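**Student:** task: produce atomic coordinates for the following.
(chains A and B)
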There are 2 protein chains.
Amino acid sequence: MSKVRVHNLAISLDGYSAGLEVTVDKPIGDAAELFAYFDGRVIWGVDRIADPIRADHLFTSGWSQGIGVEIMGRRKFGPQSGPWVDDDDWIGWWGSEPPFRTPVVVLTHYEREPLVFENGTVFHFLNAPAAEALDFARSLADGDVRLGGGPSSVREFLQADLVDFMHLVTVPAVIGTGVSIWEGCADLQKQFDVESVTTGSGLTHQFWNRTRD
Amino acid sequence: MSKVRVHNLAISLDGYSAGLEVTVDKPIGDAAELFAYFDGRVIWGVDRIADPIRADHLFTSGWSQGIGVEIMGRRKFGPQSGPWVDDDDWIGWWGSEPPFRTPVVVLTHYEREPLVFENGTVFHFLNAPAAEALDFARSLADGDVRLGGGPSSVREFLQADLVDFMHLVTVPAVIGTGVSIWEGCADLQKQFDVESVTTGSGLTHQFWNRTRD
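**Tutor:** Model prediction:
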């Protein structure tokens, strides 16, 4: 069975992965500090950068390896909420070249027609709970399934015990308020083997692998 | 310009990367301890294993990213030395499925016809110094160039100042004797930015990036 994987999910020292309010100008709310390190993130291979190849790059390059499909929350797709009435021309934050290049399932209460891009990215809009969304995602493509965030959608899959692997990144920053994957997840670590590695940049990368009995 | 990269080169605490004598039964001489960790090495993507995905796997998966061609020493290709007379049916250690899937330049004083495999691997046999071999390798394919080892051929490229990146792995083992990339390379670290990261397995991964003035 293909794995369900989370990659490159940044978490502040106080446990937040996104700000509370998302607008067109602030795609991750007030949590921009978290993504300062993302400038050096490598998602399609360490050869894609002219920069030195450092540990952070090799870790973040796991993002695309063997992924057949992504599942994301609506908030990652756009700042809107409610029906699409006034925003039906919104095609996501990424313009005409979304970085995914695979099918992407966007979880939303307001379904709409799929959005197809030339580079292989296809956004499907689905109103369904986690397990059902996962079945649908697997029906779209072979390979592993990436949970792309934001944090509330990752948390929904954690609570449904559907996550096999998480690459989390502890960023040495305090955000103060925001959205967390940890809410309602006390003792989660007991279901996982957790390896922590700190790199030269000061980031701590955690690799959570679900232990199946 | 494409980079010249070394990946996953294991080094013992006393500085050796291979044993002195290589035979058909001992492809890396008496240095087998060094490669105990290779069981978990991942070269074509972390999705290729059913095992947990750990830091070592993400690091070793850099091996194939954006590589267009490999250059290796003859000793990595086979245990023979001298003319191919009695060994002209030798096709390498890997049988009919060499893991490379790209052109590979084998450095040897004894040239022979290329060996072509269905999976994209083609071994070319070349008698040339490092710089010339690099030009030839780049003429065969786009992308970065991987120096595949063994240690003496990596050392030749280091001494010719042709290496842009090295991922070295310090293995907590003492070999006692062997072949080293460090011989004649005193002060090499002054030409590189070096990042060291230790993982949960006890391996220390080093990322050497050439600093160009």
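
**Student:** low-scoring stretches of chain A, by residue?
**Tutor:** Where chain A drops to pLDDT under 70, the residues are A:37-39, A:213.

**Student:** and chain A, which of its residues are near chain B?
**Tutor:** By Cβ under 8 Å from any Cβ of the partner chain, the residues of chain A that approach chain B are A:3, A:5, A:45-48, A:52-55, A:58-59, A:61-62, A:65-67, A:143-144, A:165, A:167, A:193, A:195-200, A:205, A:207, A:209. From N, CA and C alone the C-beta is placed, and that goes for glycine too.

**Student:** just the buried members of those residues?
**Tutor:** Among these, the ones that count as buried by 16 or more other Cβ atoms under 10 Å in any protein chain shown are A:3, A:5, A:45-47, A:52-55, A:58-59, A:61-62, A:65-67, A:143-144, A:165, A:167, A:195, A:197, A:199, A:205, A:207, A:209.

**Student:** taking these one by one, which sit in helices?
**Tutor:** Within those, residues falling in helices by DSSP state H are A:Ala55, A:Leu58, A:Phe59.

**Student:** count of neighbours near the residue nearest to A:Thr204 when sequence neighbours are not counted?
**Tutor:** Spatially, and ignoring its direct neighbours in sequence, A:Thr204 is nearest to A:Thr170 (4.1 Å; Cβ to Cβ, 6 or more residues apart in numbering or on different chains). A:Thr170 is flanked by 17 other residues according to other Cβ atoms under 10 Å in any protein chain shown.

**Student:** next, A:Thr170: secondary structure please.
**Tutor:** Here A:Thr170 is recorded as strand under DSSP: H, G, I helix; E, B strand; the rest coil.

**Student:** I'd like to know how far it sits from A:Thr177.
**Tutor:** Separation of A:Thr170 from A:Thr177 (Cβ to Cβ, to the nearest Å): 18 Å.

**Student:** before we move on, the earlier item: nearest to B:Pro79 among the ones in helices among the buried ones among the residues of chain A next to chain B?
**Tutor:** The closest of these to B:Pro79 turns out to be A:Leu58 (Cβ to Cβ; 32.1 Å).

**Student:** quick one: contacts for that closest one?
**Tutor:** A:Val42, A:Val46, B:Leu58, B:Phe59, B:Ser61, B:Gly62, B:His167, B:Phe207 (Cβ atoms under 8 Å, 6 or more residues apart in numbering or on different chains).

**Student:** could these go into a markdown table alongside distance to A:Asp161?
**Tutor:** Output for these, formatted as a markdown table (distance: Cβ to Cβ, whole Å):
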| residue | distance to A:Asp161 |
| --- | --- |
| A:Val42 | 30 |
| A:Val46 | 33 |
| B:Leu58 | 24 |
| B:Phe59 | 29 |
| B:Ser61 | 27 |
| B:Gly62 | 32 |
| B:His167 | 35 |
| B:Phe207 | 36 |
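
**Student:** now stretch A:10-30, how far from the chain's geometric center?
**Tutor:** 13 Å (Cα atoms, centre = their mean, to the nearest Å).

**Student:** ditto for stretch A:128-148
**Tutor:** Distance of stretch A:128-148 from its chain centroid, counting by Cα atoms, centre = their mean, is 13 Å.

**Student:** need the distance between the two termini of it.
**Tutor:** In terms of Cα to Cα, to the nearest Å, the two terminal residues of stretch A:128-148 are separated by 16 Å.

**Student:** for the helix ranked longest in chain A, list the C-alpha coordinates in PDB.
**Tutor:** Secondary structure of chain A per DSSP H: the longest helix is helix A:130-140. C-alpha atoms of helix A:130-140 as PDB (Å, rounded to 0.1, in the frame of the first residue of the first chain):
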ATOM      1  CA  ALA A 130     -10.300  12.200   5.500                       C
ATOM      2  CA  ALA A 131     -10.600   8.500   4.700                       C
ATOM      3  CA  GLU A 132     -12.900   9.100   1.800                       C
ATOM      4  CA  ALA A 133     -10.600  11.800   0.400                       C
ATOM      5  CA  LEU A 134      -7.700   9.400   0.700                       C
ATOM      6  CA  ASP A 135      -9.500   6.700  -1.300                       C
ATOM      7  CA  PHE A 136     -10.400   9.300  -4.000                       C
ATOM      8  CA  ALA A 137      -6.800  10.500  -4.100                       C
ATOM      9  CA  ARG A 138      -5.500   7.000  -4.500                       C
ATOM     10  CA  SER A 139      -8.000   6.400  -7.400                       C
ATOM     11  CA  LEU A 140      -6.400   9.300  -9.300                       C
END
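
**Student:** which element is the residue sitting nearest the centre point of chain A on?
**Tutor:** Centrality entry for chain A: nearest residue to the mean C-alpha point is A:Gly148, 2.2 Å, by Cα atoms, centre = their mean. A:Gly148 is part of strand A:144-149 when elements are defined by DSSP states H and E.

**Student:** neighbouring strands for that strand, and are they parallel or not?
**Tutor:** Strand A:144-149 pairs in its sheet with strand A:4-12 (parallel), strand A:67-73 (parallel), by DSSP bridges.

**Student:** hmm, who's touching the helix or strand just after that strand?
**Tutor:** Moving toward the C-terminus from strand A:144-149, the next helix or strand (DSSP H and E) is helix A:151-159. Applying Cβ under 8 Å, 6+ apart, the external contacts of helix A:151-159 come out as A:4, A:6, A:9, A:16-18, A:71-73, A:75-76, A:107, A:129-130, A:134, A:147, A:163, A:166, A:179-185, A:188.

**Student:** hmm, A:Pro172 and A:Gly202 touching each other?
**Tutor:** Yes. Using Cβ atoms under 8 Å, A:Gly202 is in contact with A:Pro172, at 5.5 Å.

**Student:** can you pull out the strands in chain A?
**Tutor:** According to DSSP state E, chain A carries its strands in the segments A:4-12, A:67-73, A:103-107, A:115-116, A:122-126, A:144-149, A:165-171, A:192-198, A:204-210.
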